[in-house]
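J.: coords please:
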Amino acid sequence: MTELNNRFHTIIDNIRVAENQAGMIPNSVQLLAVSKTQPAEVIRQAAEAGQRYFGENYLQEALIKINSLKDLKIEWHFIGPIQSNKTKDIAANFDWVQTVDRLKIAQRLDNQRPSSRGKLNICIQVNIDNESSKSGIAATELFELAKQISQLNNLQLRGLMIIPTHTDDPLQQQRSFHLAHMLFKQLAEIYPSIDTLSMGMSGDMAMAIAEGSTMVRIGTAIFGIRHT
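T.: Numbering: from 1, shown residues only. Below is the predicted model:
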């Protein structure tokens, strides 16, 4: 087995252990492989190891890889900041967008989604710790934006994505995850399509799963050092 294969299966095993410890249904947490800066051939190796979901931050880089890996059954998630002039290509080429935080972007994605591709899955990015340096909508504005997105015909509202503040305080981290899960559950009571809470990375994956994450975003721990 290759190093990548070993790393991938180690991460999967760690996710399953965390699920079990959290009392979650087995195989209920998905792994999103963050493949930004990784070349197409490395993504192909991960896909051959069994990974299906890949997250990309940079549109132009992603489009090259999406095109060259068309033969694989990959589900592509856009997880980077969204500029208005990029929405057309994002809407046409991705299966999910996890970083929607304003109505203007959602409307553009809705208008530009090709009908042949079906609905575009959307996660709203919430700035859970109100950090001025981070994208994301404030928790107080979440429900109004969710209502507006739910009315757009070509989008399917699926859940929330959060990136908590970087901290060495596990209690602060746990509070952020707990608040996100509360918001997620409240939204799910209103919208039956809500099923995805994207939170947790390599260093905080187990805690995120314990607090209700359904999708963790892992990059270097799978692929090794990024290619730049």
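J.: and for residue 10, the neighbour number?
T.: Neighbour count for residue 10, taken as other CB atoms under 10 Å: 12. Bear in mind the C-beta positions are built from the backbone N, C-alpha and C, glycine included.
J.: right, I mislabeled it, should have said residue 32
T.: Neighbours of residue 32 (other CB under 10 Å): 25.
J.: so it: helix, strand or coil?
T.: strand (DSSP: H, G, I helix; E, B strand; the rest coil).
J.: isn't it right up against residue 219?
T.: No - counting by CB atoms under 8 Å, residue 32 does not reach residue 219; the two are 9.3 Å apart.
J.: show me where the chain has strands.
T.: Under the criterion DSSP state E, strands of the chain are mapped to 30-34, 53-56, 75-78, 96-100, 120-126, 155-162, 196-198, 215-218.
J.: low-confidence bits of this protein, can you list those?
T.: Within the chain, the ranges that satisfy pLDDT under 70 run 1, 226-228.
J.: quick one, helices of it?
T.: In the chain, the helices defined using DSSP state H lie at 3-22, 40-49, 59-68, 87-93, 103-112, 142-150, 170-190, 205-210, 220-223.
J.: from the ones you listed, which stretch is densest packed?
T.: helix 205-210 (a mean of 23; mean count of other CB atoms under 10 Å).
J.: can you list the neighbours in contact with that helix?
T.: By CB atoms under 8 Å, 6 or more residues apart in numbering, the surrounding residues in contact with helix 205-210 are 14-15, 17-19, 21-22, 24, 29, 170, 173-174, 177, 199-201, 213, 216, 218.
J.: just stretch 100-109 next, same as before
T.: 82, 84, 87-88, 90-91, 97, 120, 122-127, 135-137, 145, 148-149, 152, 154-155.
J.: could you do stretch 175-185 as well?
T.: Here stretch 175-185 has contacts from 126, 128-129, 139, 142, 159-160, 162, 164-165, 194, 197, 199-200, 204, 207-208, 210-213, using CB under 8 Å, 6+ apart.
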